[in-house]
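K.L.:
any chance you could fold what I've pasted below:
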Amino acid sequence: MLIFSCKFCSFSCSRLSNKLKHQFIHRNLTKGYHCDLNKCPRVCASESSLRTHLSRNHNFAFKGCAANLSAPGRPGIFYPEFKCQVQVCGKAFLTYKKLMEHLKIHFEEQIIVPCFCKNTPSKMCDKKYRSLVSFRSHIPKVHRIPDSVALNSGVITASPSQHRDIGDSGRSSSACESNNCARMEVDVPEDAFDGPENMCSVSNDSPLRSAAHFYLKLETELHVPSSTVQSIATEIQELTNFSKVQLKKKLESCLGGYNLDINSIELVVESVCKDPTLFLYHKELSSNHLRRKFYKENFSFAIPLKKSFDPAVDPNDKNCKQFFYYAPILDTLKIMLKDKRCFEQYLNPVARQFDIVEDFMDGSSFQSNKFFLDHPDALAVNLFQDALEIVNPIGAAKSCHKILAMYMTLGNCRPWWRFRKNNIQLVALYKVKDFDHSQFYKPVVEDLKKLETEGIEIAENKTVVGTVAHISGDNAGSNEFGGCVCNFSRS
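P.N.:
Numbering: from 1, shown residues only. The predicted model follows:
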């Protein structure tokens, strides 16, 4: 008998669906998909790879190609079989992605496609669609397939959102309709927001752009020192020069056997050696100065502003000793909404259930907030602040160099997405010893007021407003933010 075991506990089962649901409990311990079938040590990168491994190496039979997703189901939600419901077809697939690729063919043939999900264990969903965009919008909204599956479809669903059904105590669809608060419809093409591609003036298939992203990732995500990045760039240059010499010799040797004249051979060799797509080295990225210049000219980001705590002192003056850095919130929000995944989640909020509290949006404070009642499409900004020591926290200089940082996330996005490190945006940095409450929060409050009254422009000249949904912090930070005493001693 085939038995799935667990690497991290004593759990065992005979069904893959139960094994995947159990593995979700240990998601913080591993990112891979462990086989563990009869103690097999294989670890796969995705669920699809795991299914392929089980089929090829263990002759594992999947009953009806049932897609038991790796996230545990909620009560009342029945995960579907990935089977095409078109009568003349009926093909089954192992993954949601493969099924969507197949259904795209039917939509191109203008065939009406029924939904493949079940409302109950025995009753299929009766919805049918002529448009792929509408079909993809229906799946995560009504059947709530986990976002890690639904959002990989790669399409911005721009259909109107279903209103949150909160019951008598909160917002309801009828209340929103009576206040003319229907969710905005934005006609967005599939390639309108392609994340980094739309943040860069260099074409998507440019090797220069790929090289720039490589160097930028080394410095910002992997925290490689700029001196080390420069050494890597120098070595790449040496390897490129060596490759050009070897390629030139090889081309001359090969073309010489075709009775070509010397001028033609030299022309071909020169043309190939000048092709930038064949080599890793780029002169535009050869030094730290040139790389930073390229980042600023070709990538979109919120430029931090240096501000003085004393309004009478120029922050750029070398004699300015008390200053802080502020990344404009409005600029940050515009850039965040250029990211395709972020924009998808804003257009397609999670359907709320009045008897389940899953997020801050399910709380009574948010549900009764007048601003969000009047503007159901508003951006919900979440702020967080905390202090950090950049020197020995128990040394003599612990209070001299303490830094307080403020961050922000977009509450309209899924919790799993907005709490990832790369999606948490920096708002401000300042030294605690130089802190001036009124001067530090002045630009933050000004931007938030402008966001509430004027809003920011998104796709197709649409303007959306927003405000702060909540502010998080420890005791000292929260008291400091409110202008209260931060001393908690009994004396």
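K.L.:
count residues in the vicinity of Arg42, would you?
P.N.:
16 (other Cβ atoms under 10 Å). (C-beta placed from N, C-alpha, C; glycine too.)
K.L.:
doesn't Cys35 make contact with it?
P.N.:
Yes: using Cβ atoms under 8 Å, Arg42 is in contact with Cys35, at 4.2 Å.
K.L.:
so what sits against both of these two?
P.N.:
His53 (Cβ atoms under 8 Å, 6 or more residues apart in numbering).
K.L.:
buried ones in the lengthiest strand in the chain?
P.N.:
Counting by DSSP state E, the longest strand found in the chain is strand 379-389. Neighbour counts over strand 379-389 (16 or more other Cβ atoms under 10 Å) mark Leu379, Ala380, Val381, Asn382, Leu383, Phe384, Gln385, Glu389 as buried.
K.L.:
nearest to Phe488 among the residues you listed?
P.N.:
Closest approach between the buried residues of strand 379-389 and Phe488, by Cβ to Cβ: Gln385, at 17.2 Å.
K.L.:
quick one, what contacts that closest one?
P.N.:
By Cβ under 8 Å, 6+ apart, Gln385 lies in contact with Leu404, Ala405, Met406, Tyr407, Ile471, Ser472, Gly473, Gly477, Phe481.
K.L.:
how does it look with 7 Å?
P.N.:
Leu404, Ala405, Met406, Gly473, Gly477, Phe481 (Cβ atoms under 7 Å, 6 or more residues apart in numbering).
K.L.:
quick one: the helices in the stretch 1-150 of the chain, in order.
P.N.:
Secondary structure of the stretch 1-150 of the chain (DSSP state H, counting those that start in this stretch): helices at 16-23, 47-57, 96-108, 132-138, 147-150.
K.L.:
could you dump these to TSV with mean neighbour count?
P.N.:
Converted to TSV, the helices of the stretch 1-150 of the chain look like this (neighbours: other Cβ atoms under 10 Å):
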stretch	mean neighbour count
helix 16-23	19
helix 47-57	16
helix 96-108	17
helix 132-138	20
helix 147-150	18
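K.L.:
of all the buried residues of strand 379-389, the one with the weakest confidence?
P.N.:
Ranked by pLDDT, those bottom out at Glu389 (82).
K.L.:
and Gln246, how far from Ser231?
P.N.:
Gln246 sits 23 Å away from Ser231, going by Cβ to Cβ, to the nearest Å.
K.L.:
these two - which one has more neighbours?
P.N.:
It is Ser231, of Gln246 and Ser231, that has more neighbours when counted by other Cβ under 10 Å, with 12 against 9.
K.L.:
I'd assumed the more buried one was in a helix, is it?
P.N.:
Yes: using DSSP: H, G, I helix; E, B strand; the rest coil, the secondary structure at Ser231 is a helix.
K.L.:
what's the pLDDT at it?
P.N.:
We have a pLDDT of 90 for Ser231.
K.L.:
what separates it from Lys217, distance-wise?
P.N.:
Between Ser231 and Lys217 the distance is 16 Å, computed by Cβ to Cβ.
K.L.:
give me the nearest residue to Cys400, chain neighbours excluded.
P.N.:
Here the nearest residue to Cys400 in space, its sequence neighbours aside, is Lys433; by Cβ to Cβ, 6 or more residues apart in numbering that works out to 6.6 Å.
K.L.:
quick one: that neighbour is in a helix?
P.N.:
Yes: Lys433 sits within a helix when classified using three-state DSSP.
K.L.:
that one: neighbour count?
P.N.:
By other Cβ under 10 Å, neighbour count at Lys433 equals 10.
K.L.:
next one: Ser253
P.N.:
Using other Cβ under 10 Å, Ser253 has 9 other residues around it.
K.L.:
check which helix or strand covers it.
P.N.:
helix 226-255 (DSSP states H and E).
K.L.:
next secondary structure after that helix?
P.N.:
Next along from helix 226-255, by DSSP H and E: helix 262-273.
K.L.:
which elements pack onto that next one?
P.N.:
helix 226-255 (3 or more Cβ pairs under 7 Å, 6 or more residues apart in numbering; DSSP states H and E).
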